[in-house]
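S.K.: kindly generate the corresponding structure for this input.
(chains A and B)
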Amino acid sequence: MRPPSWQEAAVGKPMYIPPPGALRSRRSFLKRGVWGGLLLGLSGTGFLALRGSKLWPAPAQPLQYLDLTEYSVLHAIAARLLPCVAPAPTTLEVDVGLEIDRALDRLDASAVSEIKNLLRLFENGLAGFLFGRRTKPFTQLAPEDQDAVLREWQDSRLVLRRTGFTALRTLVMGVYFATPATWKGTGYPGPPAFHQPGLPVWKGGAEPRPLGNGTWVEPSPAPAPEPSTETEP
Amino acid sequence: MRQGRIYTADELDADMELSCDVCIVGSGPGGAWLAHELVSRGRSVVMLEEGPYRTARDFDLTERTAFANLYQEVGNRGTDDLAVKIFQGRSVGGGTTVNWCSSFRTPERILQLWRERHGLSALTPEALAPHFDAIERRLHIAEWPEAAMNRSNRVLWDGLGALGYSRGLIKRNVHNCANLGYCGMGCALEAKQSMGVTVLPDAVEKGLSIYANVSARRLRILGRRVVEVQAEVLDSLSRRPTGVAFRVRAKVTAACCGALNTPALLLRSALTGGGRVGRRTFLHPLAAMLAVFDEPVNAHSGAPQAVYSHHFLDRGPDRIGFFLEAAPIHPVLAATVGTFTGADQLAIMARLPNLQATIGLAADGILPGDEGGTVGIRDQGFGRLAFDYPLSEATFEALREACKQMARVQFAAGAREVYSLHSHPVRLRSIDDLPRLDAAPWERLRLRIATAHPLGGCAMGADPATSVLDPHLRYRELDNLFVVDGSAFPTSLGVNPQESIMGLSRWAAQHVDAAIG
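M.R.: A predicted model of the protein is given here:
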């Protein structure tokens, strides 16, 4: 008789999820990312997951892609990644959450849903418990505990968590420093005054191409034509 | 022939079917030169470009505008696990719209490797020279004068000189350049001789039709022929399909979408090249070292790259070589490629004018067994592809040595302190601290790795068992499909790739032309 497959053997038994690092023999399994997939699956459900988030005030303009929970997680993360002091504007003043929500408009729908899942997982109490024995959602933690959580993601043995940290860090840093108001504190002069928004756009058709730096003009004096060695047939 | 036309999404509101001699997918350095050569021979050519048509009036020289409009995946492209950040252009002109202008002919040592190991016997310096000559003439490619070198490159130049390392001045494709340093955001002066202001308009004058915001989704195959390129019109801002379909029936099709995107187009069309399409994709994976100087460097200002060192390209038969260049420092680039967090990030960003970045780029795919990454397609995601790039011990060894050498160079030029781009940056106060780098973690996502040079994935070669394209760049299993871009390279180059791609394209045009019949 055929022995039961591991899937069949697992039916009806409680799922055992080892704490991170508990079993060395699980490392290759962890590396393959199945563990990560399992955790992403947890992002919206479960007893601990249902504990309330500390919501930030809604932005002045409506959110298109993020809900208020995801927006609040993002702001909580941003405030720790960039604990700004004057003259640098705070991440809330720049409204990093709203800027990211707008930026998502140009990302693929699949990337948008991955980012939303990631924010949910970050906030999720059950995931927090499994990772670091914390039961409070990220937004409810004290700032030093939030720093510790961010550090755990950044330094995790799981590539998935390091990937997640990198994604969130890149989003926050990107939109914050893309905002001109943040440049004052950096000494960056911004764009030089060479932009000419009124320039016409040439698209060919019946219109002759205007002269510009890109048009080719034979250097003068034009090189003498090479003597032709061809003869008429 | 009548002058051609550049069309954009706002004009493409009804399904369209076109016929022509050649359909070129992609308008970067490969597609542009191929189109130019073919229309010059009197061929009718239709070019599809999924990115937008953006010109000087759109280039406000901010990173926000540039990433939103001119880069793949809004500047967020990367390997699947984000271990390698990938900067790749996406507009009419492709990477040439946003690159830093560095221009090198394909080095003879690479051509020799390709001839010996990949059977590309026709690719000799003599065969390519007339093409490089013509390209350099047309694009005003010339050495950037030492007198015009910015402070950031001066650091590299002086440091290399002090240590006795080989160094050279970079040639740039610019004309009437004002030395602004914002090349990565598109050139507001049209001084950069990108494809969008030079070769493409030249070709349009000779009859080329360019359809921007049109994304080729798959090639329809019948027998041994591509019978139709099936494409969709994209909204120029959101990049999402507008629902308008676009079909091109051409005698010959050329995929010129660049590395990563060309393999993805082939894979979407069920063209796997015996499982080799998408494999052996190389990146020139780079690590950077950030130096802090007492006096301002202003690395945002002036030609971003003026100096190179190939001193470490040949490190013996068992090691991956690397080359050194400078990188410009603008806030988003510094903050996202940099790895500081919290108060440390604010402190380093407050010293932005005093920072200098040197980059060490590994020449991957040359050491036997260095097989590069693999492109795949995703079930979901319109503009996304799957890409895995294994980072081997040999790669990390090269990057570690590169980081040490970069720090040496920066200290030799007077740096006060130097930081690595580990997730917890290693701070060096003098070369006595170099051993600290050995103790740092050299692992994926613990060290920032980036690239702007994806290459390979559709290797050309003489041996059908190891190549996707024949030595004339024809896709082996079909009679009328060519790949003419950086994805044809069987290895990386060890130099910035734009001129190599142009040269290969101008050379290959004769073979594409011959296939039209």
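S.K.: run a quick neighbour tally on A:V85.
M.R.: 9 (other CB atoms under 10 Å in any protein chain shown). Glycine gets a C-beta too; all of them are placed from N, C-alpha and C.
S.K.: could you find the closest non-adjacent residue to it?
M.R.: B:L346 (7.6 Å; CB to CB, 6 or more residues apart in numbering or on different chains).
S.K.: pretty sure that neighbour is touching A:L81, no?
M.R.: No - the pair B:L346 and A:L81 does not pass the contact test of CB atoms under 8 Å, sitting 9.9 Å apart.
S.K.: what's the following helix or strand after the top strand by length along chain B?
M.R.: Using DSSP state E, we find that the single longest strand of chain B is strand B:241-255. Tracing the chain C-terminally past strand B:241-255 and defining elements by DSSP states H and E, one meets helix B:261-268 next.
S.K.: confirm that the residue nearest to A:V85 sits in a helix.
M.R.: Yes - counting by DSSP: H, G, I helix; E, B strand; the rest coil, B:L346 is part of a helix.
S.K.: burial count for B:D463?
M.R.: For B:D463, using other CB under 10 Å, the count is 10.
S.K.: for the closest residue to chain A within chain B, which residues are in contact?
M.R.: Relative to chain A, the nearest point of chain B is B:V197 (3.0 Å; CB to the nearest CB). Applying CB atoms under 8 Å, 6 or more residues apart in numbering or on different chains to B:V197 gives the contacts A:G212, A:N213, A:G214, B:T55, B:A56, B:G93, B:C187, B:E190.
S.K.: repeat that with 7 Å
M.R.: Going by CB atoms under 7 Å, 6 or more residues apart in numbering or on different chains, B:V197 touches A:G212, A:N213, A:G214, B:E190.
S.K.: neighbour-wise, which of these leads?
M.R.: Busiest of the contacts of B:V197 [other CB under 10 Å] is A:G214, holding 24 neighbours.
S.K.: pretty sure it sits against B:A191.
M.R.: No - counting by CB atoms under 7 Å, A:G214 sits too far from B:A191 to count as a contact (8.8 Å).
S.K.: how close does the residue nearest to A:V85 get to B:E417?
M.R.: According to CB to CB, to the nearest Å, B:L346 stands 17 Å off from B:E417.
S.K.: now B:D370
M.R.: 33 Å.
S.K.: between these two, which is the more surrounded one?
M.R.: For B:D370 versus B:E417, neighbours defined as other CB under 10 Å are more numerous around B:D370 (20 against 16).
S.K.: in chain A, what residue lies closest to chain B?
M.R.: Closest point on chain A to chain B, by CB to the nearest CB, is A:G214, at 3.0 Å.
S.K.: residue contacts, that residue?
M.R.: Contacts of A:G214 (CB under 7 Å, 6+ apart): B:E190, B:Q193, B:V197, B:T198, B:P201.
S.K.: where does the residue positioned nearest the centre of chain A land in three-state SS?
M.R.: The geometric centre of chain A, computed from its C-alpha atoms, lies nearest to A:A167 (CA atoms, centre = their mean), at 3.6 Å. Recorded secondary structure, A:A167: helix (three-state DSSP).
S.K.: returning to that earlier point: phi and psi next, for the residue of chain A closest to chain B.
M.R.: With angles defined as degrees, to the nearest 10, A:G214 sits at phi -90, psi -20.
S.K.: next: the one 5 residues further on.
M.R.: Per-residue torsions, A:P219: phi -60, psi 140 (degrees, to the nearest 10).
S.K.: on that earlier part again, excluding chain neighbours, what is closest to the residue of chain A closest to chain B?
M.R.: Nearest non-adjacent residue to A:G214 (CB to CB, 6+ apart): B:V197, at 3.0 Å.
S.K.: got the confidence number for that neighbour?
M.R.: pLDDT, B:V197: 98.
S.K.: wait, B:A254 sits on B:S27?
M.R.: No - with contacts counted by CB under 7 Å, B:A254 stays clear of B:S27, the gap being 11.5 Å.
S.K.: if I look at B:L421, how far off is B:A288?
M.R.: Applying CB to CB, the value for B:L421 to B:A288 is 5 Å.
S.K.: look at those two and report which has more neighbours.
M.R.: B:A288 (25 against 22).
S.K.: can you tell me the helix or strand for that one?
M.R.: B:A288 belongs to strand B:286-292, assigned by DSSP H and E.
S.K.: what packs against that strand?
M.R.: Contacts defined by 3 or more CB pairs under 7 Å, 6 or more residues apart in numbering or on different chains; DSSP states H and E place strand B:286-292 against strand B:355-362, helix B:393-412, strand B:417-420, strand B:449-451.
S.K.: extract the CA atoms of stretch B:87-96 and return them as PDB.
M.R.: What follows is stretch B:87-96, C-alpha atoms only, in PDB (Å, rounded to 0.1, in the frame of the first residue of the first chain):
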ATOM      1  CA  PHE B  87      17.600  51.200 -13.500                       C
ATOM      2  CA  GLN B  88      16.400  50.800 -17.000                       C
ATOM      3  CA  GLY B  89      15.000  53.400 -19.400                       C
ATOM      4  CA  ARG B  90      11.500  53.300 -20.800                       C
ATOM      5  CA  SER B  91      10.600  56.000 -23.300                       C
ATOM      6  CA  VAL B  92      11.200  56.800 -26.900                       C
ATOM      7  CA  GLY B  93      15.000  56.500 -27.100                       C
ATOM      8  CA  GLY B  94      15.100  53.800 -24.300                       C
ATOM      9  CA  GLY B  95      18.000  54.000 -22.000                       C
ATOM     10  CA  THR B  96      19.800  56.600 -24.100                       C
END
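S.K.: contacts for that stretch, please.
M.R.: Contacting residues not belonging to stretch B:87-96 are listed as B:26-29, B:49, B:51-54, B:69-72, B:75, B:77, B:97-98, B:194-196, B:200, B:210, B:212, B:258, B:260, B:450, B:452, B:454, B:498 [CB under 7 Å, 6+ apart].
S.K.: scan the helices and strands of chain A for the one with the lowest mean pLDDT.
M.R.: Every helix and strand of chain A was ranked by mean pLDDT, DSSP states H and E. The lowest is helix A:27-31, at a mean of 35.
S.K.: tell me what B:R172 is bridged to.
M.R.: Using DSSP bridges, the bridge partners assigned to B:R172 are B:S102, B:A142.
S.K.: got the contact list for residue 107?
M.R.: I'll assume chain A. B:V74.
S.K.: try again with chain B
M.R.: Contacts of B:P107 (CB under 7 Å, 6+ apart): B:L493, B:G494, B:V495.
S.K.: please enumerate the strands of the stretch 201-350 of chain B.
M.R.: B:209-212, B:214-222, B:225-234, B:241-255, B:281-282, B:286-292, B:307-309, B:322-327 (DSSP state E, counting those that start in this stretch).
S.K.: indicate which one of those is closest to B:P435.
M.R.: strand B:286-292 (15.4 Å; CB to CB).
S.K.: next one: the helix or strand hosting B:G503 to chain centre, how far?
M.R.: According to DSSP H and E, B:G503 maps onto helix B:498-516. How far helix B:498-516 lies from its chain's middle: 18 Å, per CA atoms, centre = their mean, to the nearest Å.
S.K.: and it, what's buried?
M.R.: Across helix B:498-516, burial judged by 16 or more other CB atoms under 10 Å in any protein chain shown covers B:498-509, B:511-513, B:515.
S.K.: between the residues you listed, which is closest to A:Y188?
M.R.: Relative to A:Y188, and with distances defined as CB to CB, the nearest of the buried residues of helix B:498-516 is B:Q498, at 27.3 Å.
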